[in-house]
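Visitor: Coordinates only, no sequence provided:
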């Protein structure tokens, strides 16, 4: 059951990810990505990572996608007389423009991804077998993934944890600087 | 079985309720006999709408959204700590306080620069 | 019973459990939708009472059938889709506004273990999951999309401005909400809502309720829930004098009603959450062994007080200005909630739990 659900959700997430690049309306792109995030969260849940799934939705779907929506609206990409001419995005564009660089990068990514999957396949299978066979029940059964995470956070990964605060600080500073620059033209 | 997971069962019931509502709405739908080209115009105090509706808005919305992302991630990191605050003890306390302190430096700076002011 | 179960290839107990889940889910879901309907009447009646007038009193005794009449009217109204609207998103937006509220109700424990027909059916909640609060926050953070999309898809300036304002407000106050809830999580050491309620209910002493340990967090959550549900004094989304009706200006008929079902359901969820976190959930004062139906009644009574508070505040406080709202959110609520959490954490880590549960 859990396996069938995994394949279903995995297929849906790939379709949603394709929608991100194939839809022409930017808002539809964002919604596709949102759906893909939900599929990913479901996959995390199926693997028993409840905290990760919740954070995926809380941070990516709840915060970062809202930011994306604001940016899209800010750039005024909506249809209308003043909207910039939107290039038709899709497979046809790549082929028509003969954009070799894009194709090479995409192919390289595909090869890299495939080889990474194949290379770690045995390890992944072992890890999956070592994992308790909970599947869907993990959603309701095991507590403790958050507690385990806390142990790792204050143990092995203390330094990266503190470094993240620096990263977030840099983000905050950058946005203040950007906001300052955009002020004179508007006020 | 699917249904044994209560959340999935809830999802199924929710879809059933929503689906029956949609079917009901389809059956009961009323179509107007007379229509006017003015009926679907958007509201603009009784005048004809002027210009595109998708107006450009101020960049400060973007600032708010980015600050939200920053502090949302902070909250997500504080979550596991809050759960094990007793076990984490003084060491966890020091780690989290320095984490928050660094972020609050950013917050203070933003307040001082007026980035959070909505003028 | 056992014959039917055998035909379906299940044991009698399995079928019983299945039926119990289906009945429970349907009852709670329909119950929440009805709370939204009843709230429309309560809102109008209480408003009328506060303004010394009658309010709805024509349909049924004391206007009790008014929500039904409204519902029928909504269903039969014509659906008008404005010019230039993005039709799929325009139709999707009301659903996106209402669904998160409906989904979050799943983890609220309404009562302790239900004992009926001599059998324990488990707690009265759709899903008693261990990461209840995380689930609630994650799904709750989706409610901002309905507002943004409604504003954007309507092709109207008022809608767009209302949607933008509402979404900026919702994300600003969501932070304080999360941090205020985290203080309770630290105190309880759990994110299972049923466990948090049980911690406060065990002795029957109302002083065990977390409000008395976290009054500031309770107040912050209250303010944040006004903002999250776009209610007075933070109702910038539909601030009539400036924005006509905000993000739902261009909506009519049932699509308009769904926004309000979503708003009232969100109010109910936020009230229920506050009751579970701060007011002992189903705990009946001085009756630690109260049967589940008394506990359920106590829970509903506490939620009703909260819902009344929502209406009361609406007619008592003036609306803030938008810059004031942002200042309160970012410069008062956020640092206060963070300080509260850190102080709670420091107390717990250094001195152990006060009055250990």
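Guide: Nice, thanks for sending it over. Since the model is a prediction, treat every value here as computed from it, not as a measurement.
Visitor: so which residue of chain A comes closest to chain C?
Guide: Of all residues in chain A, the one sitting closest to chain C is residue A:62 (3.0 Å; Cβ to the nearest Cβ). Backbone N, C-alpha and C define where each C-beta goes, glycine included.
Visitor: for that residue, helix, strand, or coil?
Guide: The three-state label given to residue A:62 by DSSP: H, G, I helix; E, B strand; the rest coil is helix.
Visitor: if I pick it, what's in contact with it?
Guide: Counting by Cβ atoms under 8 Å, 6 or more residues apart in numbering or on different chains, residue A:62 touches B:72, C:138, C:141, C:142, C:144, C:174.
Visitor: Would you map the helices across chain C?
Guide: C:2-7, C:12-50, C:66-76, C:87-104, C:132-140, C:143-153, C:157-188, C:193-201, C:215-228, C:240-243, C:253-278, C:292-314, C:322-327, C:334-351 (DSSP state H).
Visitor: For chain B, tell me whether the second one is touching it.
Guide: Same thing as helix C:12-50. Yes. Under the criterion of Cβ under 8 Å from any Cβ of the partner chain, chain B is reached by helix C:12-50 at C:17, C:18, C:21, C:22, C:25, C:26, C:29, C:30, C:33.
Visitor: now these in JSON lines, with distance to chain A and pLDDT?
Guide: Shown next, in JSON lines, are the residues of helix C:12-50 next to chain B (distance: Cβ to the nearest Cβ, whole Å; pLDDT from 0 to 100):
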{"residue": "C:17", "distance to chain A": "13", "pLDDT": "74"}
{"residue": "C:18", "distance to chain A": "15", "pLDDT": "75"}
{"residue": "C:21", "distance to chain A": "12", "pLDDT": "77"}
{"residue": "C:22", "distance to chain A": "17", "pLDDT": "77"}
{"residue": "C:25", "distance to chain A": "14", "pLDDT": "77"}
{"residue": "C:26", "distance to chain A": "20", "pLDDT": "79"}
{"residue": "C:29", "distance to chain A": "19", "pLDDT": "77"}
{"residue": "C:30", "distance to chain A": "23", "pLDDT": "80"}
{"residue": "C:33", "distance to chain A": "24", "pLDDT": "78"}
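Visitor: Whichever of those end up buried, select them in PyMOL.
Guide: Buried residues among the residues of helix C:12-50 next to chain B (16 or more other Cβ atoms under 10 Å in any protein chain shown), as a PyMOL selection:
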select buried, chain C and resi 17+18+21+22+25+29+33
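Visitor: Angles on the backbone of residue C:191, please.
Guide: Backbone geometry at residue C:191, expressed as degrees, to the nearest 10, gives phi -120, psi 20.
Visitor: Tell me how far it lies from residue A:54.
Guide: In this view, residue C:191 and residue A:54 are 9 Å apart by Cβ to Cβ, to the nearest Å.
Visitor: residues shared between the contacts of the two?
Guide: Common neighbours of residue C:191 and residue A:54 (Cβ under 8 Å, 6+ apart) are C:131, C:134.
Visitor: contacts with chain A among the contacts of residue A:62, please.
Guide: Within the set of these, contact with chain A (Cβ under 8 Å from any Cβ) is found for B:72, C:138, C:141, C:142, C:144, C:174.
Visitor: Lowest average confidence across the helices of chain C, which one?
Guide: For the helices of chain C, mean pLDDT drops lowest on helix C:240-243, to a mean of 65.
Visitor: in the chain, which ranges drop under the pLDDT threshold?
Guide: I went with chain A, as the question did not name one. For chain A, applying pLDDT under 70 flags the ranges A:1-2, A:76-99, A:117, A:119-147, A:181-187.
Visitor: not what I meant, chain B
Guide: Within chain B, the stretches with pLDDT under 70 are B:1-9, B:44-47, B:50-56, B:119.
Visitor: And the helices in it, which stretches?
Guide: Taking DSSP H, the helices of chain B run over residues B:6-28, B:60-83, B:85-113.
Visitor: just these: most buried one?
Guide: With neighbours taken as mean count of other Cβ atoms under 10 Å in any protein chain shown, those reach their highest mean count in helix B:60-83, at a mean of 23.
Visitor: any bit of that helix sitting next to chain C?
Guide: Yes. Against chain C, helix B:60-83 shows contacts by Cβ under 8 Å from any Cβ at B:61, B:64-65, B:67-68, B:71-72, B:75, B:78-79, B:81-83.
Visitor: starting at the chain centroid, how far to that helix?
Guide: Helix B:60-83 has its C-alpha centroid displaced from the chain centroid by 13 Å (Cα atoms, centre = their mean, to the nearest Å).
Visitor: Equivalent analysis for stretch C:85-100, please.
Guide: 20 Å.
Visitor: what comes up buried for it?
Guide: Along stretch C:85-100, these residues count as buried under the neighbour rule (16+ other Cβ under 10 Å): C:85-86, C:89-90, C:92-100.
Visitor: One more: stretch C:171-183?
Guide: C:171-183.
Visitor: is that stretch anywhere near chain B?
Guide: Yes. Against chain B, stretch C:171-183 shows contacts by Cβ under 8 Å from any Cβ at C:171, C:172, C:174, C:175, C:178, C:179, C:182, C:183.
Visitor: Redo these as a markdown table? Include distance to residue C:279.
Guide: Below are the residues of stretch C:171-183 next to chain B laid out as a markdown table (distance: Cβ to Cβ, whole Å):
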| residue | distance to residue C:279 |
| --- | --- |
| C:171 | 27 |
| C:172 | 26 |
| C:174 | 22 |
| C:175 | 23 |
| C:178 | 20 |
| C:179 | 20 |
| C:182 | 18 |
| C:183 | 15 |
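Visitor: picking that back up, of the buried residues of stretch C:85-100, which fall within the contact range of chain A?
Guide: With Cβ under 8 Å from any Cβ as the criterion, the buried residues of stretch C:85-100 include C:86, C:89 near chain A.
Visitor: residues touching the residue lying closest to residue B:69 once chain neighbours are set aside, list them.
Guide: Nearest non-adjacent residue to residue B:69, counting by Cβ to Cβ, 6 or more residues apart in numbering or on different chains: residue A:63, 4.6 Å away. By Cβ under 8 Å, 6+ apart, the contact set of residue A:63 is B:65, B:68, B:69, B:72, B:73, C:141, C:171.
Visitor: Nearest to chain A, out of those: which one, please.
Guide: Of all these, residue C:141 has the smallest distance to chain A: 3.0 Å, by Cβ to the nearest Cβ.
Visitor: my guess is that closest one meets residue C:174, correct?
Guide: Yes. At 6.2 Å, residue C:141 counts as touching residue C:174 under the criterion of Cβ atoms under 8 Å.
Visitor: dump the residue contacts of the residue lying closest to residue A:43 once chain neighbours are set aside.
Guide: Closest residue to residue A:43 apart from its sequence neighbours, by Cβ to Cβ, 6+ apart: residue A:9 at 5.7 Å. Counting by Cβ under 8 Å, 6+ apart, residue A:9 touches A:39, A:42, A:43, A:46.
Visitor: mind redoing it with 10 Å?
Guide: Neighbour list for residue A:9: A:38, A:39, A:40, A:41, A:42, A:43, A:45, A:46 [criterion: Cβ atoms under 10 Å, 6 or more residues apart in numbering or on different chains].
Visitor: pretty sure the fourth one contacts residue A:54?
Guide: Yes. At 7.6 Å, residue A:41 and residue A:54 qualify as touching, with contact defined as Cβ atoms under 10 Å.
Visitor: Quick check: the spatially most central residue of chain C vs residue C:32, distance?
Guide: Taking Cα atoms, centre = their mean, the centroid of chain C lies closest to residue C:269, which sits 1.9 Å from it. Separation of residue C:269 from residue C:32 (Cβ to Cβ): 8 Å.
Visitor: Which residues are in contact with each of the two?
Guide: Joint contacts of residue C:269 and residue C:32 (Cβ under 10 Å, 6+ apart) are C:101, C:102, C:105, C:106, C:108.
Visitor: So the fourth one is in contact with residue C:100, correct?
Guide: No. In this structure, residue C:106 sits apart from residue C:100 without contact. The criterion is Cβ under 10 Å, and the distance is 11.0 Å.
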